[in-house]
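[1] Pasting the sequence and the predicted coordinates here, then a few questions.
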Amino acid sequence: MTPGTALLARLKRDFKGLRVVGDVHGDARAFAAAVEGAAEKRFFVLQLGDLTDRGPDNPGTLRLAFDMVEGGTGLFILGNHDHKLRRALGGALVRPDPEGLGVTLAQLDAADDGDALKARAMAAIGAAPAWLRLGSWLFVHGGFHPRMLREASPPDAGSEKPEGLVPRALFGQVTSRTRADGYPERLHNWVHRIPSGITVYCGHELRSLDGRPYVAVSAAGGRAVFLDTGAGKGGHLSWMDLPW
């Protein structure tokens, strides 16, 4: 039995399909439209991580995500920004980007339910999977590794230091070099290790030049679909519906 088999059977019993949502980055208004539309179609929401930072309403985004998880109508995959937020809330020494994590922390401090949201974030992010396989679909934030097809995400991926496959899941494949914009240099060799019949849905990188999800075809016959189209960063939120 492959990881996710039991969950997929339950989802097929209770829902008509999946709505896969890309990086939100605090765009609560767009996220609400995605979640509400999925409910109307009886689709389960699977969000690919990076809920917060940069956008106008990070508390609102977190409320939507946590309500969705607690109500059993969706879940989110662990992203690197989510992991960093939990570390900061737990008292770790992290550098808050003034346009990213710094925005989120300030908005949480100003929210009427800020303390409650911080507690919910600690619990929900701590329990979020770093990747999830459902049949021929693999959902991950940053990057794929073939072992993800046969191994389940560690149950404590969101609450522990990234080890094993978790760094690949959160950050993708990186070199030791830094780009001119200050971000790590990223490689995409992992795309060509996706086997035939498997589609990997991921976020993390804004690779689309036309506002639509970017699709890369693997040399081995699989596909990678990148759904970060710039929500909260001057772009918009993308999602795809996958009926059973």
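    Ah, there it is.
[2] and the residue nearest to Ala111 when sequence neighbours are not counted, how many neighbours?
    Once flanking residues are discounted, Ala111 sits nearest to Pro59: 4.3 Å by Cβ to Cβ, 6 or more residues apart in numbering. To be clear about C-beta, it is placed using only N, CA and C from the backbone, and glycine gets the same treatment. Counted with other Cβ atoms under 10 Å, residues neighbouring Pro59 total 22.
[3] so Pro59 touches Leu105, yeah?
    No - here Pro59 does not reach Leu105: they are 10.7 Å apart, not a contact under Cβ atoms under 8 Å.
[4] next helix or strand past the lowest-mean-pLDDT helix or strand in the chain?
    Lowest mean confidence among the helices and strands of the chain (mean pLDDT, DSSP states H and E): strand 184-187, at a mean of 72. The helix or strand immediately downstream of strand 184-187 is strand 199-202, counting by DSSP states H and E.
[5] May I have the strands that pair with that next one, each with its orientation?
    Applying DSSP bridges, strand 199-202 is found paired with strand 137-140 (parallel), strand 223-226 (parallel).
[6] Nearest to Arg13, out of those strands?
    strand 137-140 (17.3 Å; Cβ to Cβ).
[7] next structured bit after the closest one?
    Using DSSP H and E, the helix or strand that follows strand 137-140 towards the C-terminus is helix 166-171.
[8] which parts of that following helix are buried?
    Within helix 166-171, the residues scored as buried using 16 or more other Cβ atoms under 10 Å are 166-171.
[9] where does the chain dip in pLDDT?
    In the predicted model, the chain carries pLDDT under 70 at residues 1, 175-176, 179-184.
[10] Show me the strands in it, by range?
    Under the criterion DSSP state E, the chain contains strands at 17-21, 43-47, 74-76, 131-134, 137-140, 173-178, 184-187, 199-202, 214-217, 223-226, 239-243.
[11] in this structure, which residue is closest to the centre?
    Taking Cα atoms, centre = their mean, the centroid of the chain lies closest to Gly49, which sits 1.7 Å from it.
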